[in-house]
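Could you work out the structure for the sequence below:
(one chain, ligands or ions: 1)
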Amino acid sequence: MHELSITQGLLQIVLEEARKHSISKVRLVKLRIGELTAVEPSSLTFCFELLTKDTPADGAGLEIDVVPIKLKCLNCWEFFETRDASFVCPACSSFNTELITGRELYVEQIEGD
Ligand SMILES: [Zn+2]
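As a prediction, the model looks like this:
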């Protein structure tokens, strides 16, 4: 399962950050996830609840910020968003486009005490 290994990696970061900031109880974790990562937020939440059992992040809330896929056309300099991951410029139909956002997958913030 794709989300399980991703959650393991993210949780490792959360617990490390908690240790660094002397947080013994994590209350909230904010994640930023690009649409291009194809991570299912509901599966991620499920895995998070499963993996945080008996850790300082047990019972912590999870906030997931989904980042849309944004591209820039290198032919006509149009900026556009896409949902179906077809990277064709809607203005000039060029394939010569550059990804700006959508690949994010990281812990943005943690809160606790
Ligand atoms: Zn274009």
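
The protein: helices as residue ranges?
Secondary structure of the chain by DSSP state H: the helices cover 2-20, 41-51.

List of residues touching the first one?
Meaning helix 2-20. Residues outside helix 2-20 that contact it (C-beta atoms under 8 Å, 6 or more residues apart in numbering): 23-24, 26, 29, 31, 37-40, 43-44, 46-48, 51-52, 55-57, 105-107, 110, 112. Where C-beta positions appear, they are placed from N, C-alpha and C, glycine not excepted.

can you narrow these to ones near the ion?
Among these, proximity to the ion is found for none (C-beta under 5 Å from the ion).

Tabulate the helices of the chain in CSV, adding columns for mean neighbour count and mean pLDDT.
Listed next are the helices of the chain as CSV, based on neighbours: other C-beta atoms under 10 Å; pLDDT from 0 to 100:
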stretch, mean neighbour count, mean pLDDT
helix 2-20, 16, 96
helix 41-51, 16, 96
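
Just put the ones you listed in CSV and tack on distance to residue 83.
Shown next, in CSV, are the helices of the chain (distance: least, C-beta to C-beta, whole Å):
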stretch, distance to residue 83
helix 2-20, 20
helix 41-51, 15
